[in-house]
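K.L.:
Using only what follows, build the 3D model:
(chains A and B)
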Amino acid sequence: MTTAKKTLANGISEHEAIQRAQRGDAESFEALYGLHKRRVYSLCLRMTGNTAEAEDLTQEAFLQLYRKIATFRGESAFSTWLHRLAVNVVLMHLRKKGLPEVSLEETMEPQQEDGPKKDLGTRDNVLAGSIDRVNLERAVESLPPGYRIIFVLHDVEGYEHNEIAEMLGCSIGNSKSQLHKARMKLRDLLRQSRAEKAANRR
Amino acid sequence: MTCAEFQKVLPYIIEGGGSDEEQHHLETCPVCSDLVADLRYIAECAKLLVPMEDPSPRVWNGIQKALDREGLAKPARRNF
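P.N.:
Down below sits the predicted model:
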């Protein structure tokens, strides 16, 4: 749905609301908040794994939106522009906390834990068809912060590796490597969860 | 090509590319093909994680207070 076609609760289009908000209209800004709050909050929650932090960051993202909305020129979709703003707010917060986003020492050489698997010669049931939303959400929440951020940005939010590399100040290779580790960790968690369920049924 | 060699480059080829040798290993090795199937399935399932929750009302309350404090918000225009 394009910006021009979205109609807000007060009957005006999103495009009109943006223009009015750019002129400082509080009601239009509130309408934009209503339209975008869920996605921004969801992003903050997935990247931090903490409800209170996510709410604080959502608040900060929309405050920054209010301060910067006059600079929105329409070169991208408004939702994309807002989304990037929110991602930057979260990343700045994580940097202040000193959380490792991406290991800057990451090289092409795999770490010991990511080396050849001991079960290379055996097969196990593939995951296809066995993942449900709840289990996947729980598994993502369990990821170490650095892995979770890359997974959320790439697989959930759809950013490309070159975009992630620019956001996080790492190389494209690092982004790919960390994403792979995130997915491998999720695979382990989901297989474990499936095994536990099967054991409980007995 | 061994599984170890294939899995070493997998992060960089899983979304496309890879040499003929790597592609051949993927097509002929059941362990690595299962691994790749799982990883791609996880990536696909991630798209199901659509936003489901709204933030609590305190978020908007906080935004309003901050805007009032900074003197940023102007009264809504009424087109009557």
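K.L.:
could you check whether the biggest helix by length in chain B is close to chain A?
P.N.:
Looking across chain B with DSSP state H, the single longest helix is helix B:30-46. Yes. Using Cβ under 8 Å from any Cβ of the partner chain, helix B:30-46 comes into contact with chain A via B:30-31, B:34-35, B:37-39, B:41-43, B:45-46. Just so you know, the C-beta spots here come from the backbone N, C-alpha and C atoms, and that holds for glycine as well.
K.L.:
So which bits of stretch B:53-62 are buried?
P.N.:
B:55, B:59-60, B:62 (16 or more other Cβ atoms under 10 Å in any protein chain shown).
K.L.:
Those into TSV, with extra columns for distance to chain A, pLDDT and secondary structure?
P.N.:
Putting these into TSV (distance: Cβ to the nearest Cβ, whole Å; pLDDT from 0 to 100; DSSP: H, G, I helix; E, B strand; the rest coil) gives the following:
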residue	distance to chain A	pLDDT	secondary structure
B:Pro55	4	96	coil
B:Val59	5	96	helix
B:Trp60	6	95	helix
B:Gly62	5	94	helix
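K.L.:
any idea which of those is closest to A:Glu27?
P.N.:
B:Trp60 (12.8 Å; Cβ to Cβ).
K.L.:
which parts of the longest helix of chain B are buried?
P.N.:
In helix B:30-46, counting by 16+ other Cβ under 10 Å, buried: B:31-32, B:34-36, B:38-39, B:41-43, B:45-46.
K.L.:
What is the nearest of those to A:Arg95?
P.N.:
Distances from A:Arg95 to the buried residues of helix B:30-46, taken by Cβ to Cβ, are shortest for B:Ala46, at 24.3 Å.
K.L.:
Give me the pLDDT for the closest one.
P.N.:
B:Ala46 is assigned 94 on the pLDDT scale.
K.L.:
Pull the contacting residues for it.
P.N.:
A:136, A:151, A:155-156 (Cβ atoms under 8 Å, 6 or more residues apart in numbering or on different chains).
K.L.:
isn't A:Asn164 right up against A:Val152?
P.N.:
Quick fix: residue A:164 is Ile, not Asn. No. Assessed by Cβ atoms under 8 Å, A:Ile164 is found out of contact with A:Val152, at 10.2 Å.
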